[in-house]
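Asks: sequence unavailable; structure follows:
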């Protein structure tokens, strides 16, 4: 086997092992300087991980008796995952809400979860998909429960775990149905068998149940119940990781499974249409009444999962490339919004929308970053969020889903309302009492400025990213 093509996985396995061993020699109550060194070490390792993923981007091959596929599609998503990890670690300097003696464990679980997500996007066998998904999920369950405020963290972790185990059981049953119908557990072999039997009830149910485990990761209705409570109960940094890297991997594996299903079944497509409409509508309507900013972003995530499903259910390379582009957009937009949450709630508390009052005077750069990220989430041009929605909507219209696109556009208008409520709080509301300027370090200002600039620049000049997404989508379809 050519182990060089598994360079990113080997690197992140070594990184996780490093932090695991570090937990055995870590000080029980480390000083602030020691915690800072741990964060800088993790940041350095994560930056090297990005370079490893970029170097490995052009490699292709199969490992583990064809159970593991390395291609351009998986390498693009591994690069996005490595970027997501780097961005999350960059805002972990002052983790007040994670016990000081648990910081090594925190980074160990982050790297382990990222490794599992990388394995997930390359898995080409039902069993390897299941194991990768479970390893990533259990890492996240523990990360959520690590919050110092145990009344929030433990409750959110248990809810997350209960919904996750239910989704896992549903997915495992679906995989069993697919295996009994196709006689194989390899996705590549299923791509040969499924087109001829795709309209059988057992196959349709098996596909839907199998996708249920990934819908849980993506927070698609009806596997969305965990999202608001988990975002609210987890520490701000963990919630940011769940909202970014975890969603990117879920999009990748759903794309791979759906691409191997060929043109799909009319019953499967109808089911996905219903899930898409309900997810985007429920998420947007529920977000309107939220007072907690993280809960609002959680319901926003549910709504965006509906837009992602819209691009997937068209079952065309144009739809797949639009979804790949949108995965990058979600990573940047959600991170930028959560970065503002982390900076404002530096003591680790949950941030209420009303606490944004006067932000434009306290920290103009954070107010600008928040405004641009929310406008992009709403799909306002010229932002990367608008470009992503445009690609998905065009692909859906080309396949004749005009009514579905109109419903999605109505939901976009609804989402703009509650995003404007947040922006109004940051720019137009005055705090009940005068607040001092918010201190933001130079690296954080640079990070906020760069992420804001990228969101806008990618909206103005999306050509290169669109070409990359189209190339990755073609690799996905050709490798069926």
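Replies: That came through fine. The structure displayed is predicted, hence computed values, not measured ones.

Asks: where does the stretch 201-350 of the chain dip in pLDDT?
Replies: The stretch 201-350 of the chain contains residues with pLDDT under 70 at 262-264.

Asks: pretty sure residue 94 sits against residue 346.
Replies: Yes. Counting by CB atoms under 8 Å, residue 346 is a contact partner of residue 94 at 5.8 Å. (Each C-beta comes from the backbone N, C-alpha and C, glycine too.)

Asks: ok, these two, which is more surrounded?
Replies: Remark: of residue 94 and residue 346, residue 94 carries more neighbours, 17 against 14, as counted by other CB atoms under 10 Å.

Asks: how about the more buried one, secondary structure?
Replies: Recorded secondary structure, residue 94: coil (DSSP: H, G, I helix; E, B strand; the rest coil).

Asks: may I have the phi/psi pair for it?
Replies: Per-residue torsions, residue 94: phi -120, psi 80 (degrees, to the nearest 10).

Asks: tell me the contacts of the residue nearest the centre of the chain?
Replies: Among the residues of the chain, residue 247 comes closest to the average C-alpha position under CA atoms, centre = their mean, at 2.1 Å. Under the criterion of CB atoms under 8 Å, 6 or more residues apart in numbering, the neighbours of residue 247 are 217, 218, 219, 301, 305, 327, 330, 331, 334.

Asks: now, those residues that are in helices?
Replies: Among these, the members found in helices (DSSP state H) are 217, 218, 301, 305, 327, 330, 331, 334.

Asks: how close does the second one sit to residue 276?
Replies: By that I understand residue 218. 11 Å (CB to CB, to the nearest Å).

Asks: residues near residue 464, how many?
Replies: Counted with other CB under 10 Å, residue 464 comes out at 9.

Asks: now it: which helix or strand?
Replies: Using DSSP states H and E, residue 464 maps to helix 463-478.

Asks: just to revisit the earlier point, got the contacts of residue 247 as a markdown table, with distance to residue 134 and neighbour count columns?
Replies: Below are those laid out as a markdown table (distance: CB to CB, whole Å; neighbours: other CB atoms under 10 Å):
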| residue | distance to residue 134 | neighbour count |
| --- | --- | --- |
| 217 | 11 | 26 |
| 218 | 16 | 26 |
| 219 | 18 | 30 |
| 301 | 21 | 27 |
| 305 | 21 | 29 |
| 327 | 22 | 24 |
| 330 | 23 | 27 |
| 331 | 23 | 22 |
| 334 | 24 | 27 |
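
Asks: which helix in this structure runs the most residues?
Replies: Identified as the longest helix of the chain according to DSSP H is helix 150-182.

Asks: please point out which parts of that one sit buried.
Replies: Neighbour-count burial for helix 150-182 flags 152-153, 155-157, 159-161, 163-164, 166-168, 170-172, 174-175, 177-178, 181-182 (criterion: 16 or more other CB atoms under 10 Å).

Asks: where do the helices of the stretch 101-250 of the chain begin and end?
Replies: Secondary structure of the stretch 101-250 of the chain, counting by DSSP state H, counting those that start in this stretch: helices at 103-122, 126-145, 150-182, 187-197, 201-218, 226-233, 236-243, 245-260.

Asks: deepest of these, which one?
Replies: Neighbour counts (mean count of other CB atoms under 10 Å) averaged over each of these peak at helix 236-243, with a mean of 28.

Asks: report all helices and strands that it contacts.
Replies: helix 72-90, helix 126-145, helix 226-233, helix 293-313, helix 317-344 (3 or more CB pairs under 8 Å, 6 or more residues apart in numbering; DSSP states H and E).

Asks: for these, which one sits closest to residue 404?
Replies: Residue 404 lies closest to helix 293-313 among the helices and strands packed on helix 236-243, at 6.3 Å (CB to CB).

Asks: could you report the pLDDT at residue 47?
Replies: Residue 47 is assigned a pLDDT of 90 by the prediction.

Asks: tell me if I'm right that it and residue 83 touch.
Replies: No. Residue 47 is beyond contact range of residue 83, at 10.0 Å (criterion: CB under 8 Å).

Asks: the two - which one has more neighbours?
Replies: Shown here are residue 47 and residue 83; by other CB under 10 Å, residue 83 has more neighbours (22 against 14).

Asks: so that one versus residue 143, what's the distance?
Replies: Computed as CB to CB, the residue 83 to residue 143 distance reads 19 Å.

Asks: how about residue 202?
Replies: From residue 202 to residue 143 the distance is 37 Å (CB to CB).

Asks: and if you look at residue 78?
Replies: In this view, residue 78 and residue 143 are 20 Å apart by CB to CB.

Asks: can you check residue 414 too?
Replies: Counting by CB to CB, the gap from residue 414 to residue 143 is 32 Å.

Asks: can you pull the contacts of residue 12?
Replies: 49, 111, 114, 115, 118.

Asks: once you drop chain neighbours, what's closest to it?
Replies: Nearest residue to residue 12, sequence neighbours excluded (CB to CB, 6 or more residues apart in numbering): residue 115, at 4.1 Å.

Asks: list the residues that contact that neighbour.
Replies: 9, 12, 13, 16, 135.

Asks: likewise for residue 334?
Replies: Contacts of residue 334 by CB under 8 Å, 6+ apart are 240, 243, 244, 247, 297, 301, 373, 377.

Asks: may I see the residues you listed arranged in CSV, with distance to residue 107 as well?
Replies: Below are those laid out as CSV (distance: CB to CB, whole Å):
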residue, distance to residue 107
240, 15
243, 19
244, 16
247, 21
297, 24
301, 24
373, 25
377, 28
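
Asks: closest to residue 312 out of the helices of the stretch 101-250 of the chain?
Replies: Nearest of the helices of the stretch 101-250 of the chain (CB to CB): helix 245-260, 5.5 Å.

Asks: angle of the closest one against helix 150-182?
Replies: Put simply, helix 245-260 runs at 10 degrees to helix 150-182, going by axes from the mean of the first three to the mean of the last three CA atoms, to 10 degrees.

Asks: helices of the stretch 301-450 of the chain, start to end?
Replies: 317-344, 359-362, 364-378, 384-398, 402-427, 442-460.

Asks: and those, which one's lowest on average pLDDT?
Replies: Averaging pLDDT over each of those puts helix 359-362 lowest, since it has a mean of 83.

Asks: flag every buried residue along that helix.
Replies: For helix 359-362, by 16+ other CB under 10 Å, it's 359, 360, 361, 362.

Asks: let me know the closest of the residues you listed to residue 210.
Replies: Nearest to residue 210 among the buried residues of helix 359-362, counting by CB to CB, is residue 359 at 43.8 Å.

Asks: the closest one against residue 370, yeah?
Replies: Yes. Residue 359 is within contact range of residue 370, at 7.2 Å (criterion: CB under 8 Å).

Asks: mutual contacts of the two, please.
Replies: Shared contacts of residue 359 and residue 370 (CB under 8 Å, 6+ apart): residue 426.

Asks: ok, back up a step: just the contacts of residue 334 now: which is nearest residue 318?
Replies: residue 247 (21.3 Å).

Asks: count of residues packed around residue 436?
Replies: Residue 436 has 6 neighbours, counted by other CB under 10 Å.

Asks: residues touching it, list them.
Replies: Contacts of residue 436 by CB under 8 Å, 6+ apart are residue 362.
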